[in-house]
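In: Take this sequence and fold it.
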Amino acid sequence: MSQTRAEADDAALRCVLIRNDAAVIVAAEGATVEVLGWQPDELVGCASTSFIHPEDQPSAVAAWFDMVGEPRSTRTWRGRYRSSDGRWQWVEATNTNRLDDPDDPTVVSSIVRVTTHEVGIEEELRRRKQLLSRLSDALPVGLFQIDLDGNITFSNDRLHAIIESPPAATVTAQFAGVLDDDHELFEAALTAVLSDQMVDDVEVRLRRPSDDDEAIPRVCMVSLRSLTDDSGFVTGAIGCLSDVTDRARLRRELELRANIDGLTGCLNRSATLELLELLLRARADTLDGLAVIYVDLDDFKSVNDRYGHAAGDTVLVAAVHRMQSVLRHDDRVGRLGGDEFLVVCPNVVSESAAVELSRRVHASQQGTVRVEGTDIEVHATVGLTWTDGTTTADDLVAHADRAMYTSKAERKPKLTPAR
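Out: Have a look, this model is predicted:
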């Protein structure tokens, strides 16, 4: 599109604004009326931003600070200025930093009107930027863009709503809430994407801005893609962040159900054996002793036969509660099935300490359980094994089981060492 004569005349008109280091106009020269629509004395003493369109003020402020940070530098900015009649017109300002001049420290701004063709391009770019911004804010996910130095060049409103944090200048500051346990994983993801690798579904937890240290963290899924220039070199990355806290909570609940006995609330068989294997691997480094107590409720079948299965369930729940009441903080009760339980006790320093634990468990199971007004007599037999050496989970359970059957025959608690 070619320039009209009127546009060429507008481009030839120029005004000059002299501003101090606070961007306040201290002098106005040239065609101020023709270019800006103001008399010079109407401009002097006013802050430049008071004439700039609100949508263009962020870019104007950014250009100003970029320019004043480098003495004798020149920066060009384009945006909308308000005329005295209230209309907005596009102008281009060339700002030169002379603040280092000891006699006259100022910024000199040479301003011309922008042609209709140029305005059309600027308006189209502005509309596209606004469309992308509005679109990103409408998405149910958080979006952010970073450059190679980790500076955040864009973020949408949804991101800040999810992470409950206001906009920050750098990705490090923006995601300062990532928990320490997940920090290395998040940093590795950023390093990978800036090395032109795709990053998908990295789960990180973020602490919430609360005074409560026990507040449940927010769980987020992060995916990242590299941004490249025309030559294929990485210039930054764009990230997508989703809030998956509810999904993670459901997953934990399902995992918990898979590990917990539904009736008694203690560990189920598979979780008990898994815990035993884990403790055996861990104690290879600590050299602490490990005790396993096998508990079998005596004549439990007769309870079910005489009082019904509901009463039997009540007895099983009571048995677990009584065991837990005499155990230490780190000891765990697991239900192997039916009326058989396995108590796993880590960090037991000696056989005598293990025997004392088993006696407490045995004593807790002797007495009555009241069910719907009836006192049901309950007793249990326990078998104990203890090791401070190398063995397997299967061997430990077998030793404890054997000790339990020996105890049942001899009617007293029995210890079977597992070396």
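In: and residue 337, what is it in contact with?
Out: Contacts of residue 337 were listed using C-beta atoms under 8 Å, 6 or more residues apart in numbering, and they are residue 269. Glycine gets a C-beta too; all of them are placed from N, C-alpha and C.
In: Look up how far residue 237 lies from it.
Out: Separation of residue 337 from residue 237 (C-beta to C-beta, to the nearest Å) stands at 52 Å.
In: ok, now residue 345?
Out: Taken as C-beta to C-beta, the span from residue 345 to residue 237 is 50 Å.
In: And the strands in the stretch 1-150 of the chain?
Out: For the stretch 1-150 of the chain, applying DSSP state E, counting those that start in this stretch gives strands covering 15-19, 25-30, 74-82, 88-98, 106-113, 142-147.
In: Tabulate these (a markdown table), appending distance to residue 320 and mean neighbour count.
Out: Output for those, formatted as a markdown table (distance: least, C-beta to C-beta, whole Å; neighbours: other C-beta atoms under 10 Å):
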| stretch | distance to residue 320 | mean neighbour count |
| --- | --- | --- |
| strand 15-19 | 79 | 21 |
| strand 25-30 | 81 | 17 |
| strand 74-82 | 72 | 18 |
| strand 88-98 | 76 | 18 |
| strand 106-113 | 78 | 20 |
| strand 142-147 | 44 | 20 |
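In: how about those in TSV, adding distance to residue 341 and mean pLDDT?
Out: Below are those laid out as TSV (distance: least, C-beta to C-beta, whole Å; pLDDT from 0 to 100):
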stretch	distance to residue 341	mean pLDDT
strand 15-19	82	95
strand 25-30	85	94
strand 74-82	76	90
strand 88-98	80	91
strand 106-113	81	93
strand 142-147	47	91
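In: for those, which one sits closest to residue 392?
Out: strand 142-147 (47.9 Å; C-beta to C-beta).
In: Can you pull out the low-pLDDT segments for the stretch 101-250 of the chain?
Out: Applying pLDDT under 70 to the stretch 101-250 of the chain flags the ranges 116-138, 210-215.
In: redo that, cut-off 80
Out: Applying pLDDT under 80 to the stretch 101-250 of the chain picks out residues 115-139, 209-216, 248-250.
In: can you map out the helices along it?
Out: According to DSSP state H, counting those that start in this stretch, the stretch 101-250 of the chain carries its helices in the segments 116-138, 157-163, 171-174, 180-193, 245-259.
In: hmm, who's touching stretch 355-367?
Out: Counting by C-beta under 8 Å, 6+ apart, 291, 293, 295, 297, 319, 322-323, 325-328, 331, 343, 345, 348, 377-382, 384, 413, 415 sit against stretch 355-367.
In: cool, stretch 80-97 as well?
Out: Stretch 80-97 is contacted by residues 17, 35-38, 42, 51-53, 55-56, 63-64, 67-68, 70-79, 107-114, 118-119, 122 when judged by C-beta under 8 Å, 6+ apart.
In: run the last query once more with 7 Å
Out: 35-38, 42, 51-53, 56, 67-68, 70-78, 107-114, 119, 122 (C-beta atoms under 7 Å, 6 or more residues apart in numbering).
In: Figure out the length between the terminal residues of it.
Out: 22 Å (C-alpha to C-alpha, to the nearest Å).
In: try stretch 20-35
Out: Per C-alpha to C-alpha, the first residue of stretch 20-35 is 21 Å away from its last.
In: Low-confidence ranges, the stretch 251-400 of the chain, go.
Out: 251-258, 282-288, 389-390.
In: which stretches of it form helices?
Out: Assigned by DSSP H, counting those that start in this stretch, the stretch 251-400 of the chain shows helices spanning 269-286, 300-307, 309-326, 351-364, 393-410.
In: Kindly present the ones you listed as CSV, with separate columns for mean neighbour count.
Out: Shown next, in CSV, are the helices of the stretch 251-400 of the chain (neighbours: other C-beta atoms under 10 Å):
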stretch, mean neighbour count
helix 269-286, 15
helix 300-307, 15
helix 309-326, 17
helix 351-364, 18
helix 393-410, 18
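In: which one of those helices lies closest to residue 262?
Out: Closest among the helices of the stretch 251-400 of the chain, using C-beta to C-beta: helix 309-326, at 10.5 Å.
In: where's the closest one relative to the chain centroid, distance-wise?
Out: Remark: helix 309-326 is offset 40 Å from the chain centroid, using C-alpha atoms, centre = their mean, to the nearest Å.
In: Distance check, the closest residue to residue 181 other than its chain neighbours against residue 223.
Out: Spatial nearest neighbour of residue 181, excluding adjacent residues (C-beta to C-beta, 6 or more residues apart in numbering): residue 205 at 7.6 Å. Using C-beta to C-beta, residue 205 is found at 16 Å from residue 223.
In: What of residue 115?
Out: Residue 115 sits at a distance of 43 Å from residue 223 (criterion: C-beta to C-beta).
In: what residues are up against the residue nearest to residue 295 when sequence neighbours are not counted?
Out: Spatial nearest neighbour of residue 295, excluding adjacent residues (C-beta to C-beta, 6+ apart): residue 341 at 4.2 Å. The contact partners of residue 341, by C-beta under 7 Å, 6+ apart, come to 295, 333, 334, 335.
In: any chance of those residues in TSV, plus neighbour count?
Out: Below are the contacts of residue 341 laid out as TSV (neighbours: other C-beta under 10 Å):
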residue	neighbour count
295	26
333	23
334	26
335	25
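In: Could you let me know which of those residues ends up closest to residue 311?
Out: Looking across the contacts of residue 341 and measuring by C-beta to C-beta, the closest to residue 311 is residue 335, at 17.7 Å.
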